[in-house]
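S.K.: From the sequence below, what's the structure:
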Amino acid sequence: MTFPLITAHTGNMGTEDNTLASVLAGLAHGADIVEDDIRTDRDGTLVLAHDEEVRLPGGRIGRLADLTLEELAERPTLLNEAIGPVLEAGKTMNLDVKTDACLEPIAEWASKLGLYDRVFLTGCGYARAALANRIDPRLRKLLNVDADSFSRLPFAEATREACAAALNTGCYGLNVPYPLAMPSLLEYAADRGLPVYVWTIDDRQQLERFADLEVRSITTRDVAMLADIKRNRSRER
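M.R.: As a prediction, the model looks like this:
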């Protein structure tokens, strides 16, 4: 069995979310993939940011999409700054897209730098995944499953809908909150050629359990712990 890819959460190993320090910490502790939240400012600059609200000088609050970087109290990390260490390490970046407005700038950026095989998108429900596919089908993306559907529908039906939605929108896999990653979902998705990426697990017992399942990647804030589990498994072989 192949050990799952280790994805470093946007904030890992005690670092602040969506910062260069978090990117570097994930890489230093053994991540295969680094996740960051992506938004744009008014000029379309791609930045690492989870929230739309940002602080302005004097303590006021504004919307990132309405402002330029020069108008902010603190400049966020630019995607161009974060991607360098990832590429140098030979790893991959997970761009967790927070708004539809990010998609065209990401497509232009990935095309210009030739990064289609080094980045992929998450944060894509059905509508956003379909839009991304129309903008640039070369962008690799996971479908974020509709967690609410698993409450409304029988589990098997929700699983079928999620896989159909992924295939219909050109997604190459599923992005799943780990409690929903049941064996039946993993098996059904695998039969349709859809790898499953799970998020976010920080408990060692749960990390051990999911390392034994057929998931493609595990997102964690404790990259060192998951890397340690991987090393232990390698020694046991």
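
S.K.: Can you tell me the SS state at Ala110?
M.R.: Following DSSP: H, G, I helix; E, B strand; the rest coil, Ala110 is assigned to helix.

S.K.: Just give the number of residues close to it.
M.R.: By other Cβ atoms under 10 Å, 21 other residues sit near Ala110. For glycine as for every other residue, the C-beta is placed from the backbone atoms N, C-alpha and C.

S.K.: got the contact list for it?
M.R.: Neighbour list for Ala110: Tyr116, Val119, Asp136, Arg138, Leu139 [criterion: Cβ atoms under 8 Å, 6 or more residues apart in numbering].

S.K.: For the first one, give me its contacts.
M.R.: Think Tyr116. Applying Cβ under 8 Å, 6+ apart to Tyr116 gives the contacts Ala110, Arg138, Leu139, Arg140.

S.K.: what separates it from Asn144, distance-wise?
M.R.: 20 Å (Cβ to Cβ, to the nearest Å).

S.K.: Then the second one?
M.R.: With distances taken as Cβ to Cβ, Val119 is found 16 Å from Asn144.

S.K.: so where does the nearest residue to Phe3 once chain neighbours are set aside fall, helix or strand?
M.R.: Spatially, and ignoring its direct neighbours in sequence, Phe3 is nearest to Lys230 (5.1 Å; Cβ to Cβ, 6 or more residues apart in numbering). Per DSSP states H and E, Lys230 falls inside helix 223-236.

S.K.: Val119 and Asn144: which has the busier surroundings?
M.R.: More neighbours surround Asn144 than the other of Val119 and Asn144, with 26 against 23 (other Cβ under 10 Å).

S.K.: pLDDT score for that one?
M.R.: We have a pLDDT of 98 for Asn144.

S.K.: Pop out the phi and psi values for it.
M.R.: As for Asn144, its main-chain torsions (degrees, to the nearest 10) stand at phi -70, psi 110.

S.K.: And the one 5 residues further on, by the same measure?
M.R.: When quoted as degrees, to the nearest 10, the phi and psi of Ser149 stand at phi -60, psi -30.
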